[in-house]
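Enquirer: give me the fold of what follows.
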Amino acid sequence: MDSMRTAEEIEAAVAQLSAEELARFRAWFERFEAENWDRQLQQDVETGRLDSLADQALRCRTLPP
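Expert: Numbering: from 1, shown residues only. Below is the predicted model:
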């Protein structure tokens, strides 16, 4: 990457986008966030960080009559 941008520089650039460019950026950013969320969740599952929550959910589960 040629240069890193600060959050303030990125905010200023986004503020100058046309409505069409902003919609395109928003769609990209939503995909970016979803992919990051999925990656973090997968990592948490693989490292066992969610095991206690899963165990608790299974213990609290009620079966239908």
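
Enquirer: from here on, just use CA atoms for contacts and neighbour counts.
Expert: Will do.

Enquirer: dump stretch 22-42 to CSV, restricted to CA.
Expert: This file holds the C-alpha atoms of stretch 22-42, laid out as CSV (Å, rounded to 0.1, in the frame of the first residue of the first chain):
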residue,chain,number,x,y,z
LEU,A,22,-21.7,6.3,-1.5
ALA,A,23,-24.2,3.5,-2.2
ARG,A,24,-21.4,1.5,-3.8
PHE,A,25,-19.1,2.1,-0.9
ARG,A,26,-21.8,1.2,1.6
ALA,A,27,-22.4,-2.1,-0.2
TRP,A,28,-18.7,-2.9,-0.2
PHE,A,29,-18.3,-2.0,3.5
GLU,A,30,-21.3,-4.2,4.5
ARG,A,31,-19.7,-7.2,2.7
PHE,A,32,-16.4,-6.3,4.3
GLU,A,33,-17.9,-6.2,7.8
ALA,A,34,-19.9,-9.4,7.2
GLU,A,35,-16.7,-11.2,6.1
ASN,A,36,-14.8,-10.0,9.1
TRP,A,37,-17.7,-11.1,11.4
ASP,A,38,-17.8,-14.5,9.8
ARG,A,39,-14.0,-14.9,10.1
GLN,A,40,-14.0,-13.9,13.8
LEU,A,41,-16.9,-16.2,14.6
GLN,A,42,-15.1,-19.1,12.8
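
Enquirer: okay, and Leu17 sits in which element?
Expert: If you go by DSSP states H and E, Leu17 is not part of any helix or strand.

Enquirer: so where's the chain uncertain?
Expert: 1-4, 62-65 (pLDDT under 70).

Enquirer: gap between the two ends of stretch 11-29?
Expert: Stretch 11-29 has its terminal residues 13 Å apart, counting by C-alpha to C-alpha, to the nearest Å.

Enquirer: burial check on Thr47, number of neighbours?
Expert: For Thr47, the tally of surrounding residues (other C-alpha atoms under 10 Å) stands at 10.

Enquirer: so Leu53 is in which element?
Expert: helix 51-60.
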